[in-house]
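Engineer: okay, predicted coordinates and the sequence, questions at the end:
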Amino acid sequence: MKQETIDRIRKFSDDRDWDQFHSPANIAKSIVIEAAELLECFQWSDEDYDIQHVKEELADVMVYSQNLLDKLGLDADEIINMKMAQNEAKYPVEKAKGSAAKYNQL
């Protein structure tokens, strides 16, 4: 995410004095709620969905995710790369390519 976008997210919450409501637990709950709203976009069809609604709900998930990163003092690139290294070890290309099996079933 661009720094300008991150700064805009932070300013939005700061201007409204919402940090007082942003405990890690509350933000995590909000991520799950917004993710459920994103899933609702595909509830009755995998192909017939409103892309604008999808973008809005996905943006909500991402905004709350940035809020949680800030609250916990985490760096998105650092934790994503950490997780990708774990995933690469659990799902080696030679075993996982073309398979949807879970790592312990490869």
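Structural biologist: Yes, it's here.

Engineer: what's the local residue count around S65?
Structural biologist: 19 (other C-beta atoms under 10 Å). The way it works is simple: take the backbone N, C-alpha and C, and place the C-beta from them, glycine included.

Engineer: once you drop chain neighbours, what's closest to it?
Structural biologist: Once flanking residues are discounted, S65 sits nearest to I31: 6.1 Å by C-beta to C-beta, 6 or more residues apart in numbering.

Engineer: that neighbour and Q105, how far apart?
Structural biologist: 28 Å (C-beta to C-beta, to the nearest Å).

Engineer: please identify which of those two sits among more neighbours.
Structural biologist: Using other C-beta under 10 Å as the criterion, I31 and Q105 rank with I31 on top: 18 against 8.

Engineer: wait, that one touches M62, no?
Structural biologist: No: in this structure, I31 is not within contact of M62 by C-beta atoms under 8 Å, at 9.4 Å.

Engineer: and the lowest mean pLDDT element among the helices and strands of the chain?
Structural biologist: Lowest by mean pLDDT, DSSP states H and E among the helices and strands of the chain is helix 93-96, with a mean of 92.

Engineer: buried residues, that helix. List them.
Structural biologist: Using 16 or more other C-beta atoms under 10 Å as the test for burial, helix 93-96 gives A96.

Engineer: for it, name the packing helices and strands.
Structural biologist: Other helices and strands packing on helix 93-96, by 3 or more C-beta pairs under 8 Å, 6 or more residues apart in numbering; DSSP states H and E, are absent; none qualifies.

Engineer: so which residues make contact with it?
Structural biologist: Applying C-beta atoms under 8 Å, 6 or more residues apart in numbering, the contact partners of helix 93-96 are Y103, L106.
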